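> Using only what follows, build the 3D model:
(4 chains)
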Protein chains: 4
Amino acid sequence: MNTWRIEQFGKKPKLNKAVFIEGLPGIGNVGKVVVDFIVDELKAEKLYEITSNTFPHSVFVNEENLVELPKIEMFYKKLNGYDLLLMGGDVQPIDEVSSYEFSEKVLDLIEKFGAQEIITLGGIGLAEIPKKPKIYCTGNSKEIIEKYKGKMVHNKLYGVVGPIVGISGLLLGLASKRKIDAIALLAETYGHPMYLGVKGAREVLKVLNDKLKLGVNVNKLEKEIDYIEKQIVKKTKELSNVSGKGLKKGNEFSYIG
Amino acid sequence: MNTWRIEQFGKKPKLNKAVFIEGLPGIGNVGKVVVDFIVDELKAEKLYEITSNTFPHSVFVNEENLVELPKIEMFYKKLNGYDLLLMGGDVQPIDEVSSYEFSEKVLDLIEKFGAQEIITLGGIGLAEIPKKPKIYCTGNSKEIIEKYKGKMVHNKLYGVVGPIVGISGLLLGLASKRKIDAIALLAETYGHPMYLGVKGAREVLKVLNDKLKLGVNVNKLEKEIDYIEKQIVKKTKELSNVSGKGLKKGNEFSYIG
Amino acid sequence: MNTWRIEQFGKKPKLNKAVFIEGLPGIGNVGKVVVDFIVDELKAEKLYEITSNTFPHSVFVNEENLVELPKIEMFYKKLNGYDLLLMGGDVQPIDEVSSYEFSEKVLDLIEKFGAQEIITLGGIGLAEIPKKPKIYCTGNSKEIIEKYKGKMVHNKLYGVVGPIVGISGLLLGLASKRKIDAIALLAETYGHPMYLGVKGAREVLKVLNDKLKLGVNVNKLEKEIDYIEKQIVKKTKELSNVSGKGLKKGNEFSYIG
Amino acid sequence: MNTWRIEQFGKKPKLNKAVFIEGLPGIGNVGKVVVDFIVDELKAEKLYEITSNTFPHSVFVNEENLVELPKIEMFYKKLNGYDLLLMGGDVQPIDEVSSYEFSEKVLDLIEKFGAQEIITLGGIGLAEIPKKPKIYCTGNSKEIIEKYKGKMVHNKLYGVVGPIVGISGLLLGLASKRKIDAIALLAETYGHPMYLGVKGAREVLKVLNDKLKLGVNVNKLEKEIDYIEKQIVKKTKELSNVSGKGLKKGNEFSYIG
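Residues are numbered from 1 along each chain as shown, chains lettered A, B, ... in the order given. As a prediction, this is how the structure comes out:
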C-alpha cells in the first residue's frame, strides 16, 4: 500500500488568503527553480516534509556526507495582504495512482489553511532552446485565467499543447472538484532532460512578481544559477543514472547496490 | 489503492427495461464514435461522471482553455418501450486489476437501474482499410445472439478472432455471473492507432437503429465527422504522445512536465 | 486490490487421502496437457472455478460463439484407496504478489479436503526437441522424493536447473510451511513458446499411472492430441497475440479493442 | 497486498547494546559475502526467516534436491560488551513500495532489541576491477561517521557517487526518523553482474574487525571463496536467468514453467 508520511516543522501558522505555488521537478525544472528561488529569497519557513514509499528507494549523499531520503517540502511566508504556501522537492510521484493520491493529500493540506488560489508551474519542452521564452496559462476557471493572462501571459494553449502531465496538471483538475481556483503557468524551455530552464524560470518569476507583489530580485536568479544547477541537475542526473545503471570509466563511481 | 469517484448529475431517474450501450476508446474508436453520436443525436442526459486514480495522471486543455480531468461518462435517454443507458469517455482502464474493478463498478451501477441488456461496441483491427466493414457479434447467452444476428450481423467469430480485450470483453464475461444478457457488436476497421473507424461505426449504428428503433440519422454521422475527428483523434493522439514524449521541430510544442 | 472469486459447483465432496495434481499453462504446456487429459479420461467432476482481476482483462470466444472469462478450474475424482484433486486452466498468475496469493488460496482449499500430497507438473525447456524426454523431480521432503524417484524419475536437479518459476514451484515451497508433502515432476521439452510438449506429457502420465494407479490409457493421449492442440495452443497463442497487438495481412483479424 | 511473513526460530534473546549489520545481495554481492562469512565464523544463531509475496515467485533447488523459497534471514550473536544482529539473504525487495515496507519491518524488529547502531554494507561498482578496493562511508549522523572514518574508511562520498539504492540506503534514511545512528560501508568493486567482490568484502571485514572487535579470521575468507561463490553466484545467476528466459544450446537446461 502506498504510504505518505507528512512531518510538520514548528507550529502550524494561521494563514490569511493563502496562495499556494507548486514547483516540482519536471521539464527544464522550471517550476522547481522558481520555487526554490522564492523560498530562499523570502526566507520562507519550512512547514512540512513529505516522504513516501512511492518515492525512489534510495538516499542522496549531501554536502556534509550525510544521507537524505528523497522528499517534497512545503514552506510558508506571511506577506502583506496575503500569505504564501510553497511546494518544492527532489521528486514527483511517477505512476498514475500515486500522482492522484499525492495531489489529493496536498489539496487536503492547503485546504486546511484556507488556500484560495493555486498556481502550478511547469515547462513546455521545445526542440530548440527558446531565445525569449513565452509564458502560457490554463486553469480550472475563467476568473483565474482572466486575472493572470495579459501581455506577459498567453492564454491560447488549446490545440498547441497536449495534456499537462503530472502534479502541475492534476492539481488543477482536482482543485476544481473542491471549488478552489487554480492556474498553471507554463514557460517555454528546451525539452532536453539535462537542460535547466533558467530563462523560462525568470519569465515566470517576473509574472509572479507582477501579479503577487513578491518583491524578489529576479536578476539575482542568474547569479545564483551556478549553485542551483549544482543542486538540482546533480540530483536529477543521479536519479536517472540509477535506472540506467551506467558504468563509467576509470575511477569514476556509479551505481551503488 | 485504486479509487473510483462517481459523481452524479441531476436526480437519479427511474428507468424502464434499460438497455446499456458501452463505447469507450479502442481500435478505430468505433465504440466511442457510435456512443458519442447517439448521445448528441438523442440529447441524452448526463447521469454520472467517473474519474479514477488509475486514469492518466494528466489534464486536457479544452477549447475554452480550461483543464479537464480524463473521465468516463454515463448518460440516459427515455424512449418508447424501453430506456437507454450510454457510456462513453476519454479513456479506458489499462491494466488487469483496474479493468476488472471498473467493469464491476459499471455493472453495479446499471444493475440498480434494472438493466436487462448490455451491448458493448468495438472494432476488429484489420491490416487494410475495409471497403464495406462487416459487423460480428458474440455474447454471453445464445438468446441475445439469436436476437441480434442476421443479415447485418455475423455470429461466427470463433476461430477467426482472438480474445476480446478490455471493457468491451470483460463486461460480457462478468455480466454472465449476474445473469444479465450481454452482446458485443464488433465492426471491421483499420487497425492503425490514428485511424478513425467511421465506416464501421456507421454499420454499427444501422444495426442499433434497426434492432433498438433508435431513430438516429445515420447519414448525419459523416457530416459531423470533422468535428468528431477533431475531438477524439486529438485527445487520443495527445495521450499517446505523453508516453512517447516526442519532441517536435521549431515552434511546435510537446510534453509538458 | 487483487481479488479471487472461487465459485463452487455441486456439493462439496468428502475426500479420502486426497492427492492434489496441478497442471497449469507453462513451458511446453506439459502440466496442462496431462491434467486436462486425466480430467477427461477419468471423467473427474468440476468442483471450483477460479477467476481473478489479476487474470487477463479479456474474454475468449468459444466454439459456440459465446464468451468465457479466463479461468482456472479444480476437479475431483474418487478412486480406490485415495481420491484425486486436479487443477488446470487457461492461465497462471503472472506477477509475484498474485502468484503467492493464488498459491496460498489453493493450499487453503485443498487443506480443507485433507490433501496429503501435492504433485505439481511442469516442463524443462531445452533448446532442441528431446527425442526421449527425461522426467526429473524435486520436492519439499526427502520422503516424497524417495517415493517417486526411480528408473523413470531422476532426482538430481541441483546444479542443472535454475529456480522453478511460477505456481508449480511456489506450491512446493509454501506447502512446506503447512507440513504437506509436495513434489514437482518436470519433463524435458522444447522451450519454444508455441511447442506443445506431448511427448513429455506422455512420460509424466506413465509415472502417474505407475505410482498412483490412475489407469488412464496413455496411448490415447496421442490420438487426442489434435483436439488438445486446437484447444490449448489457440488460447495461448491468442493471449500472447494480445500483448503483441500484431496486425496480420489481408482479411485475417487481430486485436479487438 | 504485499505481505511479509516473519518466522521466529528459537526463543527471542535479550540483547545488550545491539549492533545491526545488513548485507543483502547487491553490486559485487559485497554485503552478502561479508554477512554470510561472519554468520559462519561466529556461528551466529538464526532468529528470523522472512519471506514475502514480493520476492521472486519461484523456488530454488538445493544440494539435497529439496526446494527452498527465496528468503532473507536474521541472526544474532552475543559478544563481549555488545551483541550482534546480522541480516543476509537470497534477494532484496525490488520495487519502491516493497523496499520501503521491508526496511520499516526490519527497523521495527531491531528496535525491539534496542539496537543502537546500524551498519549497512554495499559495493560501489567501478568499470574496472580495483586492485586495492577503497572503503567509503556515509551515514545519518556526524557522530557515527566520526566513529568509523579513518585511515581505512574514506568519508568524502559527496559529489563522487550518486544515490545509494536499495535497502542499504533506505535503512540509513529511515533509521534517522527513529533516532538510530546508521552508517553505510561501501567497498569499491567491479560493477559486472556476475563479479563477486571478495577483495572489497575483505576490506570491509577488516574495518568491522577493527571497530567491532569481531575477531573473525579475514584470511579464511579467501579460502572459503570457492564455496561462497558456488552458493551466491549460482542463485544470483539463476534469478537473472528467470527474467531473461534465455535458452541454451544442447542439453543444458533453462527456464522451467
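
> Could I get the contacting residues of A:Arg5?
A:Arg5 makes contacts with A:Ile50, A:Thr51, A:Ser52, as judged by Cβ atoms under 8 Å, 6 or more residues apart in numbering or on different chains. C-beta here means a position set from N, CA and C on the backbone, and glycine is covered the same way.

> Close to chain D as well: tell me which of those qualify.
Residues shared between these and the neighbourhood of chain D are A:Ser52 [Cβ under 8 Å from any Cβ of the partner chain].

> burial of the residue of the stretch 1-150 of chain A found nearest chain C, as a residue count?
Using Cβ to the nearest Cβ, the single residue of the stretch 1-150 of chain A nearest to chain C is A:Met1, 9.4 Å away. If you count neighbours by other Cβ atoms under 10 Å in any protein chain shown, A:Met1 ends up with 9.

> if we can go back for a sec, quick one: which of the contacts of A:Arg5 is the most crowded by neighbours?
For the contacts of A:Arg5, neighbours tallied by other Cβ under 10 Å; top is A:Ser52, 23 neighbours.

> If I look at it, what pLDDT would I see?
A:Ser52 carries a pLDDT score of 97 in this model.

> likewise A:Leu121?
98.

> looking at this, it is in a strand?
Yes. Under DSSP: H, G, I helix; E, B strand; the rest coil, A:Leu121 falls within a strand.

> give me the low-pLDDT residue ranges for chain A?
A:160, A:228-257 (pLDDT under 70).

> swap the cut-off to 50 and go again
Scanning chain A for pLDDT under 50 picks out the ranges A:240-257.

> got the residue ranges for the helices in it?
Ranges of helices within chain A are A:30-42, A:96-112, A:142-148, A:167-176, A:198-212, A:218-223, A:225-244, based on DSSP state H.

> contacting residues for A:Leu170?
A:Ser99, A:Tyr100, A:Ser103, B:His57, B:Ser58, B:Val59, B:Leu69.

> for A:Leu86, same thing?
Here A:Leu86 is in contact with A:Phe20, A:Ile21, A:Gly23, A:Val35, A:Ile38, A:Val39, A:Ala44, A:Met74, A:Phe75, A:Tyr76, A:Lys77 (Cβ under 8 Å, 6+ apart).

> Setting the sequence-adjacent residues aside, check what's closest to it.
Among residues not flanking A:Leu86 along the chain, A:Phe75 sits closest, at 4.5 Å (Cβ to Cβ, 6 or more residues apart in numbering or on different chains).

> A:Lys147 - how many residues pack around it?
Neighbours around A:Lys147, by other Cβ under 10 Å: 16.

> which bits of the stretch 151-257 of chain A sit near chain B?
A:155-166, A:168-170, A:172-174, A:176, A:184, A:186, A:188, A:191.

> and if we set it to 10 Å?
Those residues of the stretch 151-257 of chain A that sit near chain B, judged by Cβ under 10 Å from any Cβ of the partner chain, are A:154-177, A:182-184, A:186, A:188-193.

> Sort out for me which of the residues you listed are in strands.
Secondary structure from DSSP state E places A:His154, A:Ile164, A:Val165, A:Ala182, A:Ile183, A:Ala184, A:Leu186, A:Glu188, A:Thr189, A:Tyr190 of these in strands.

> The second one contacts B:Pro70, correct?
Put plainly, it is A:Ile164. No. A:Ile164 is beyond contact range of B:Pro70, at 11.6 Å (criterion: Cβ atoms under 10 Å).
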